[in-house]
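Chemist: no FASTA, just this:
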């Protein structure tokens with residue numbers, strides 16, 4: 001997915017707006033995956049796949065809007081939950 005098609009900004013919990021950072025999403029997903037799999041390599045692979053799915057959902061859901069952190073987190077949890085049986 002092209003970075004240009006992703007949201008440019010994110011609304012933080014305190015209401016401030018900052019630049020969108022794909023790496024932060026992938027890092028959070030990888031940490032969660034590592035807790036579930038207890039395998040660094042597997043969590044790296046899984047987090048890359050889940051991150052791609054989450055970013056696709058964000059693109060479709062927030063094409064012309066600024067998502068907030070809670071909305072991004074919800075998309076991550078929903079995507080991870082749908083993939084959990086594959087871990």
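Modeler: Great, that's in hand. Every value quoted in this text rests on a predicted model; they were computed, and no experiment measured them. Numbering: from 1, shown residues only.
Chemist: Assign the most centrally placed residue in the chain to helix, strand or coil.
Modeler: Residue closest to the mean C-alpha point of the chain, counted by Cα atoms, centre = their mean, is residue 25 at 4.2 Å. Here residue 25 is helix, with the state taken from DSSP: H, G, I helix; E, B strand; the rest coil.
Chemist: what packs against the longest helix along the chain?
Modeler: Identified as the longest helix of the chain according to DSSP state H is helix 40-61. For helix 40-61, the elements it packs on are helix 22-37, helix 69-83, judged by 3 or more Cβ pairs under 8 Å, 6 or more residues apart in numbering; DSSP states H and E. All C-beta spots, glycine's among them, are computed from the backbone N, C-alpha and C.
Chemist: Validate this expectation: residue 15 resides in a helix.
Modeler: No - counting by three-state DSSP, residue 15 is not part of a helix but coil.
Chemist: Give me the distance between it and residue 5.
Modeler: Remark: distance between residue 15 and residue 5 (Cβ to Cβ, to the nearest Å) = 26 Å.
Chemist: Please apply the same query to residue 13.
Modeler: Taken as Cβ to Cβ, the span from residue 13 to residue 5 is 25 Å.
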